[in-house]
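Chemist: Build me a model from this:
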Amino acid sequence: MIPNTILAAANNGGGIWMTVAMIAVIVIVFYFFGMRPQKKQEQAAQQMRNNLAVGDEITTIGGIIGKIVSIKEETMVIETTRDHTRIRLLKSAVRSVDVPANVKIEAPAEEKEEPKEQ
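Modeler: A predicted model of the protein is given here:
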């Protein structure tokens, strides 16, 4: 079951170096496919939380959707529902910003047809 090259390396004294090289390769692969993407994702989430602004529409990790009313150092107050229910949350509870405050949603304008010249 063991490939002949590994057996030959073990007989020649190269088995230890081969094992160390394989462990190094596994650690490098684990870093590039496991840890590095997670760090990038955490940095993006932290940047998003640092850039929160009053008026942003957000979704929390618990699924609550609301509009930010005020922001302090580590907390914020969001307003939900038509009854203007206010909830105080930690910034770390924000999953995503759905509609940034600086983006206005406009209703699609109706197209006006111009008379064609014949």
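
Chemist: Give me the below-cutoff pLDDT ranges for this protein.
Modeler: 1-14, 104-118 (pLDDT under 70).

Chemist: ok, which stretches of it are strands?
Modeler: Applying DSSP state E to the chain gives strands spanning 57-60, 65-71, 75-80, 85-90, 94-99.

Chemist: counting contacts, what elements does the second one pack onto?
Modeler: For strand 65-71, the helices and strands in contact under the criterion 3 or more Cβ pairs under 8 Å, 6 or more residues apart in numbering; DSSP states H and E are strand 57-60, strand 75-80. (C-beta placed from N, C-alpha, C; glycine too.)

Chemist: domain ranges for this structure?
Modeler: Following automatic domain parsing, the chain resolves into domains at 4-46, 53-99.

Chemist: Next, count neighbours for residue 60.
Modeler: Neighbours of residue 60 under the rule other Cβ atoms under 10 Å: 18.

Chemist: count of residues packed around the closest residue to it other than its chain neighbours?
Modeler: Take residue 60 and drop its neighbours on the chain: the residue closest to it by Cβ to Cβ, 6 or more residues apart in numbering is residue 93, 4.8 Å away. Using other Cβ under 10 Å, residue 93 has 16 other residues around it.

Chemist: need the contact list for residue 93.
Modeler: Contact analysis of residue 93 by Cβ atoms under 8 Å, 6 or more residues apart in numbering lists 60, 61, 62.

Chemist: can you rerun that using 10 Å?
Modeler: For residue 93, the contacting residues are 49, 58, 60, 61, 62, 64, 75, 76, 78, 87, by Cβ atoms under 10 Å, 6 or more residues apart in numbering.

Chemist: got it, and residue 98?
Modeler: 56, 57, 58, 59, 65, 66, 67.

Chemist: Residue 89 versus the fifth one, what's the distance?
Modeler: Noted for residue 65: a distance of 12 Å to residue 89, by Cβ to Cβ, to the nearest Å.

Chemist: Now the buried members of the contacts of residue 98.
Modeler: In the contacts of residue 98, burial by neighbour count holds for 56, 57, 58, 66, 67, counting by 16 or more other Cβ atoms under 10 Å.

Chemist: Before I go, just wanted to say thanks for your time.
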